[in-house]
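*Asks:* Just to be clear, the model below is a prediction. Sequence and coordinates:
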Amino acid sequence: MQKATIQLETLTCPSCLQKIDKAVKSLEGVDKESVNVLFNSSKVKLDFDNEKISIEKIKDAITALGFEVKKSQVRDK
């Protein structure tokens, strides 16, 4: 498992947070219990199995919702 922090451009409303939370939790390979979307800092923190899903696919799921990813950081858990 790896830990990731994904910095978004801006979260403007609570419904945006809920959309991202739901989409990321639906991805196979993401530890659903670890997903934490932080409204004030516009970050998504999560743990994922890099043998089942890549950070790129997670970012793609977020951008498909219309949100811009500024950067991401991945580290071993």
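*Replies:* Sure, I can see it.
*Asks:* for this structure, what spans make up the helices?
*Replies:* Along the chain, the segments classed as helices by DSSP state H run 14-25, 55-63.
*Asks:* For the longest one, name the packing helices and strands.
*Replies:* Pointing back at helix 14-25 there. Applying 3 or more CB pairs under 8 Å, 6 or more residues apart in numbering; DSSP states H and E, we find helix 14-25 packed against strand 36-38, strand 43-48, helix 55-63. All C-beta atoms are positioned from the backbone trio N, CA, C, and that covers glycine.
*Asks:* residues of the shortest one that come out buried?
*Replies:* Using 16 or more other CB atoms under 10 Å as the test for burial, strand 36-38 gives Val37.
*Asks:* for the chain, what helix or strand is lowest in average pLDDT?
*Replies:* Ranked by mean pLDDT, DSSP states H and E, the weakest helix or strand in the chain is strand 69-76, scoring a mean of 89.
*Asks:* Given that one, what are its sheet partners and their directions?
*Replies:* Strands adjacent to strand 69-76 in the sheet, as given by DSSP bridges, are strand 2-8 (antiparallel).
*Asks:* From the chain's centroid, how far away is the partner strand?
*Replies:* Here strand 2-8 is found 6 Å from its chain centre; the criterion is CA atoms, centre = their mean, to the nearest Å.
*Asks:* Low-confidence ranges, the protein, go.
*Replies:* Low-confidence segments of the chain, defined by pLDDT under 70: 77.
*Asks:* and the residue positioned nearest the centre of the chain, what are its bridge partners?
*Replies:* Note on the chain: the residue nearest the mean C-alpha position is Val44, at 4.5 Å, using CA atoms, centre = their mean. Counting by DSSP bridges, Val44 forms beta bridges with Ile6, Val37.
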